[in-house]
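# Predicted coordinates and the sequence they were generated for:
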Amino acid sequence: MLSWRVRIENPLPEPAVIGLWHQDLPACLAAFKNKNIAVLISQSKDGSKFAKLAKSLGYNVFRGSSSRGQSEIKHLLKALKNGISAGMALDGPKGPALTAKPGAEWLSGKANAPLIKIKVKYSRVFRLNSWDKTFIPLPFSKITIFIKG
């Protein structure tokens, strides 16, 4: 992660709901570190590892599941109302991949904050054999983050 060369094309408005695809989580985690962003991470074993990494990179981490509905996503709503951006996977924690769930749109509307959709371009990458086919940038990869309002 330290060797990745990350470039963000446009500045993020604040606060905003930052929507990304689950497959781009590693790159986005690196790109938006130490930017005071709140995220919701599942309480699974894998989620525990990811939450520890996210905290070390300066994210405000809340544990729970967006698939449980509004009861867990309220933490992100509160962060947005306090001027802190919130990041979430558009296709949720379980997919199907690249099919947006209603959570980001709901959160954006409820908080009256813009929904910013992220597109990621990689120079060198391999993909995991997981439900979302996660992109793992290779060392010294160039990653470009495109921000669309």
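Structure's in. What do you need? Residues are numbered from 1 along each chain as shown.
# mind checking the SS state of residue 72?
Going by DSSP: H, G, I helix; E, B strand; the rest coil, the secondary structure assigned to residue 72 is helix.
# no, scratch that, I was asking about residue 108
helix.
# Would you mind measuring from it to residue 19?
8 Å (C-beta to C-beta, to the nearest Å). To be clear about C-beta, it is placed using only N, CA and C from the backbone, and glycine gets the same treatment.
# The two: who's more crowded?
residue 19 (22 against 18; other C-beta atoms under 10 Å).
# List the buried residues of the lowest-mean-pLDDT helix or strand in the chain.
Lowest by mean pLDDT, DSSP states H and E among the helices and strands of the chain is helix 70-81, with a mean of 87. Going by neighbour count (16 or more other C-beta atoms under 10 Å), the buried part of helix 70-81 is 72, 73, 75, 76, 77, 79, 80.
# Which SSE is immediately downstream of that helix?
strand 85-89 (DSSP states H and E).
# other SSEs contacting that next one?
strand 17-20, strand 37-41, helix 70-81, helix 103-111 (3 or more C-beta pairs under 8 Å, 6 or more residues apart in numbering; DSSP states H and E).
# and the closest residue to residue 26 other than its chain neighbours, bridged to which residues?
Closest residue in space to residue 26, ignoring its immediate chain neighbours: residue 136 at 6.0 Å, by C-beta to C-beta, 6 or more residues apart in numbering. Beta-bridge pairing of residue 136 under DSSP bridges involves residue 126.
# neighbours around residue 136, how many?
Neighbours of residue 136 (other C-beta under 10 Å): 13.
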